[in-house]
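Visitor: missing the sequence, but the structure's below:
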């Protein structure tokens with residue numbers, strides 16, 4: 001639990017630099033990252049930020065994409081873009097149990113989704129206008145893809161995510177000076 005608090009603090013203070021009275025949208029992709037989402041929401045609220053959240057399940061995205069059309073996708077994008085424009089910051093915590101679930105969505109539907117939803121909402125809306133961070137959260141699928149046991153992968157994840165990046169940056173600055 002302490003590790004999750006440290007990761008949440010690192011994300012909010014260092015990766016995003018969230019400030020009091022700023023709005024942050026935290027989106028949880030899948031269910032396994034819920035502990036990090038909870039910890040991050042609590043920490044962001046403790047510094048006086050306004051926390052908004054959304055839980056996204058890939059299997060439900062697939063259902064939507066299987067029957068979507070241009071008009072629907074534009075409406076869906078408008079809904080999410082309206083919310084995104086009110087945000088100062090964005091955090092996506094991704095921990096899919098089956099990221100391959102969208103592989104059998106018709107290519108034309110995926111192209112429509114990327115053009116009419118992802119581009120206006122996440123590329124033009126979020127990436128260009130908010131402070132943001134995307135982070136994966138360990139699960140069995142990610143550990144397997146890394147050829148590691150879940151416990152080993154999770155330990156590596158926590159060790160990397162709780163490094164003191166400010167201290168590393170200062171050390172790097174000294175090294176850069178020496179190399180000039």
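Guide: That came through, no problem. Here the structure is a predicted model, which is why all the values come from computation and not from measurement.

Visitor: C-alpha from now on. contacts and neighbour counts both.
Guide: Noted.

Visitor: need the contact list for the residue minimising distance to the centre of the chain.
Guide: Centroid-nearest residue in the chain, with Cα atoms, centre = their mean: residue 92, separated by 1.5 Å. With contact set as Cα atoms under 8 Å, 6 or more residues apart in numbering, residue 92 has these partners: 26-29, 133-135.

Visitor: Give me the spatial nearest neighbour of residue 109, chain neighbours excluded.
Guide: Once flanking residues are discounted, residue 109 sits nearest to residue 65: 6.2 Å by Cα to Cα, 6 or more residues apart in numbering.

Visitor: is it fair to say that neighbour lies in a strand?
Guide: No: Residue 65 is assigned helix when assessed by DSSP: H, G, I helix; E, B strand; the rest coil, not a strand.

Visitor: before we move on, back to that, host element of the residue nearest to the centre of the chain?
Guide: strand 89-94 (DSSP states H and E).

Visitor: What strands flank that strand, and is each parallel or antiparallel?
Guide: Here strand 89-94 has these sheet partners by DSSP bridges: strand 23-29 (parallel), strand 131-136 (parallel).

Visitor: Of all those, which one comes closest to residue 101?
Guide: strand 23-29 (13.0 Å; Cα to Cα).

Visitor: Run through who's touching the closest one.
Guide: So strand 23-29 is in contact with 18, 34, 37, 41, 49-58, 84, 86-96, going by Cα under 8 Å, 6+ apart.
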